[in-house]
Every structure is written in C-alpha cells, then in structure tokens.
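**Q** curious how this folds, go ahead:
(one chain, ligands or ions: 1)
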Amino acid sequence: MTKQNVVLSDTTSTINMAITVAVTNSPFFTTTAQKPPAAPGQGGYITISRNSIMHNLEIGCGTRVNAWVDSMRASSPTHIKSTLPSLAPSKSAPPLSAQSSWISRHPSALDMFEQIIKASKGKQIVMFLDYDGTLSPIVEDPDRAFMSKSMRATVRKVARHFPTAIVSGRCRDKVHSFVKLEELYYAGSHGMDIKGPAKGSKYKKGSQPVFFQAASEFLPMIDQVYKALVEKTKSTPGAKVENNKFCVSVHYRCVDEKKWIELAHQVKSVLKEFPKLRLTQGRKVLEIRPTIKWDKGKALEFLLEALGFANCTDVFPVYIGDDRTDEDAFKILRDRGQGFGILVSKFPTDTSASYSLQEPAEARTLPNSWTSMVFFFFFFQLYFFKCLLI
Ligand SMILES: O=P(O)(O)OC[C@H]1O[C@H](O[C@H]2O[C@H](CO)[C@@H](O)[C@H](O)[C@H]2O)[C@H](O)[C@@H](O)[C@@H]1O
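**A** Numbering: from 1, shown residues only. Purely as a prediction, here's the structure:
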C-alpha cells in the first residue's frame, strides 16, 4: 500500500486541507506538481485522470469508485471544517505548527502589503482576478453568484489604475453579465475564451483587438456532451449541468451525498463516448473540458503578450484566486519570477501562490499612496468577503 499525500482544496468554502490518502497504486489522482521544493506550497490541485476514472468506473471496481466519491466528499466544507482548524487564531484552538508554518510560507498579502508595493515600483501592475469564491460568494445556485456593488466599485477602481482581467471557469458572457464592467479583459471557460474591452484599452500597445478562442473546434462536442449530461443526470435530484461554452460543469453541491456515486456513474457513462474530453474537479463540481493544453495559466501568459508585456521585465502581474484551477496561473507567475499569486483561503493548502488572504482583522495600517489605498481596500474587501463564505 502506497501512502500518498493528496491535497484537496476548497478555498471558497473555507475547506482547504491536506489529507493523507492511502491509495493502492493510486492511478486515480494525478497532481499538477508544483515545484520547486524550496518554494512555498509544493504540491497541486487534483486533476482526476479521466482514463483512471473511466477505467475504474467501467470495471465497477468499488475501491476506485469510492476513491472518486472520497475526493468529492473531501471537497465538502462540512467534512473539512470539522477536521481542520481555521488559519485565524482562536482561543479554543491554538494554531498548530503546520498552520504557522503555512502562514510563514504564504504570508498575508495585507501584512506584506508595503513589500508588495515596493516590489512593484517602476513596473506595470496587471491584475488577474478569479470570479467565483474570489469576487463573488459561493452560493448553492450558480446562476445567482452575484457580485456585490462594493466589490464591483473596487474592481472598477482597480481597472482605472491597472489593466485588469477576470479569469473564470464560467462562460465568458455569463461572467461578463455578473461583473458588468466593459473596461475589463475577460477570459472565460478556464481561459479558453478571451476577449478584450470592446472599446480597446488605454494600456494595450497596438490597436489589434484582443480575441482568442483556444478550443473552437470543440464547440459542437461540448454542446453534445452538455445535452447528454443533462439527459443522463436528470434523475439525480439536485444535480445541475452548466454549459460554459468550451467546458461543462456538473454541480453536485445540492445532491444528497448518498447519490454522489450514482452521479459519478452517470457522468462516466456519458464521458465514455467522448475520448477527447477530460474531467477535472472543482468545488463541488465536476468539470468536463477539452484535452488541449490550455488553462488559466496559459490565459495569463496570452493576455500579458496581448498587452505587449511578453518579454518585459517591467511588468508585475498579480493573480488573486481561490480555486485549484487558479494554481496553473500561480505556477506560471512563480516560474516566470514575476509578480505574485495570492490565494484567498482560510485554511492551509498546497499552493504555488506567494501570499494569502485570511482575516480582515489582519489589516492594521493604512498605506499612504492612492495606489496603495486601492490595493489595501481591494485586499480588505476580499478578506472581509471571505469571512462571509459558507
Ligand atoms: O474559475 P471560477 O470563476 O472560480 O469558476 C469555477 C466554477 O465556478 C462556479 O461554480 C462554483 O460557484 C458556484 C456559485 O457560487 C457554486 O454553486 C459551485 O458549487 C462552485 O463550484 C461555476 O458555476 C462553474 O461553472 C465554474 O466552473
């Protein structure tokens, strides 16, 4: 029996935790490894290998199916809340050494605020923001994950000072309809659908409009798999299939846990017919997407290039996100040695982000400059917002 340390992260739902899962041969999980060893947050978000799932479900091997359901369960706040202490110091539960060590490796962005501003001096800051769980609260109905007016006002302010992009797993049009800011860049479908502001941007060098769809040829297939999944899962109460244009989400947040295995089998039976699609896992969501090598990290690189910063040393990208899919972008920043990633999380989790956002109470001093103020209030809102999450 091989013991594998698998990190399951549900940042938005305050459910980040490291779980040691004993998995025999464990082909079930493939992790996007995040080196280097000395860097904070080695490890990665879990990608469920489609082949492994397909195989395991196909042969009806109880252990493998259970492993999948275990993974779904581990992304559940109720399970993790009860087992992992929050990063916030509490009277009843003094911080564990693991927690303090995590915080020392991923210090609060607020505590490091002055250093961050100093490091960005003379460079063009470019902001990348995840949507669900970062700008909007996690709610049961994905169609109602609205952004608050104050968050919108903050993002508007940020965009006035820096080129700003929303990078989301959602369909680009949908995330645009939630954010409602024309001046931003939007990268929907996990970065597979990128569009710049219709009126252009004062930051962009050159007049070419920014538009890129990395998986256009998959459109008919995604439509097909969406319809098949809707049909197949309709017998599972609470299951919701969301068409994100270049990918599909199967939500199980409202599905009775006893029915998760049934849902897993339904999804498997559909995916069997689509060998060019792969399956990954998000927050109480199974995400089906093309097998192309494109993710939020690639979208970040694409946008930096489109903005004219491809080989620049004077650019400072900042990516704020809370999900496993954001790790691809954090890793790019770490590898480039440019800017930094901020993980919004109440709990320790494996991450390539440099900094974290945990508690609003950490905000102590007000920085001086206007730019700093924008950052400060932006961070502060994210902190505050995070505390309201389920
Ligand atoms: O990259 P993101 O912007 O974070 O999008 C990832 C997924 O977010 C949405 O699902 C999540 O938020 C829902 C609303 O709060 C919640 O109900 C769900 O359980 C979460 O997984 C979105 O609906 C998905 O399509 C995105 O892939």
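
**Q** neighbours of the nearest residue to Phe330 once chain neighbours are set aside, how many?
**A** With sequence-adjacent residues excluded and distances taken as CB to CB, 6 or more residues apart in numbering, Phe330 is closest to Gly341, at 3.4 Å. In short, each C-beta sits where N, CA and C put it, glycine included. Applying other CB atoms under 10 Å, we find 28 residues neighbouring Gly341.

**Q** what does the pLDDT read for Gly341?
**A** At Gly341, the model reports a pLDDT of 95.

**Q** can you list the strands that the helix or strand containing it pairs with?
**A** Secondary structure assigned from DSSP states H and E places Gly341 in strand 340-344. Taking DSSP bridges as the criterion, strand 340-344 forms sheet pairs with strand 315-321 (parallel), strand 355-357 (parallel).

**Q** list the contacts of the longest one.
**A** By that I understand strand 315-321. Under the criterion CB atoms under 8 Å, 6 or more residues apart in numbering, residues 119-120, 123-130, 134, 167, 296, 300, 304, 309, 326, 329-330, 333, 338-344, 353, 357, 382 lie in contact with strand 315-321.

**Q** is it anywhere near the ligand?
**A** No - counting by CB under 6 Å from any ligand atom, the ligand has no neighbours in strand 315-321; the shortest distance is 7.0 Å.

**Q** winner for burial among the strands paired with strand 340-344?
**A** strand 355-357 (a mean of 28; mean count of other CB atoms under 10 Å).

**Q** centre of the chain to it, how far?
**A** Here the centre of strand 355-357 is set off from its chain's centre by 14 Å, with CA atoms, centre = their mean, to the nearest Å.

**Q** now do that strand, average pLDDT.
**A** Per-residue pLDDT values over strand 355-357 give a mean of 88.

**Q** equivalent analysis for stretch 217-233, please.
**A** For stretch 217-233, the mean pLDDT works out to 98.

**Q** circling back: near the ligand, anything from the strand holding Gly341?
**A** No - judged by CB under 6 Å from any ligand atom, strand 340-344 makes no contact with the ligand; its nearest approach is 10.4 Å.

**Q** return the set of residues that bridge with Val285.
**A** Residues in a beta bridge with Val285, per DSSP bridges, are His251, Gly282.

**Q** so it sits against Arg253, correct?
**A** Yes - with contacts counted by CB atoms under 8 Å, Val285 reaches Arg253, the gap being 7.4 Å.

**Q** pLDDT value on the residue nearest the centre of the chain, please?
**A** Nearest to the mean C-alpha position of the chain, counting by CA atoms, centre = their mean, stands Asp323 at 2.6 Å. Predicted confidence (pLDDT) for Asp323: 86.

**Q** list the contacts of Tyr226.
**A** Listed by CB under 8 Å, 6+ apart, the contact set of Tyr226 reads Val241, Asn243, Val248.

**Q** residues near the second one, how many?
**A** So that's Asn243. Asn243 has 17 neighbours, counted by other CB under 10 Å.

**Q** cool, and the first one?
**A** Here the number of neighbours of Val241 (other CB under 10 Å) works out to 22.

**Q** quick check: which element contains it?
**A** strand 240-243.

**Q** does that strand reach the ligand?
**A** Yes - against the ligand, strand 240-243 shows contacts by CB under 6 Å from any ligand atom at Glu242.

**Q** hmm, who's touching that strand?
**A** 142, 170-171, 222-223, 226, 229-230, 233, 248-251, 254.
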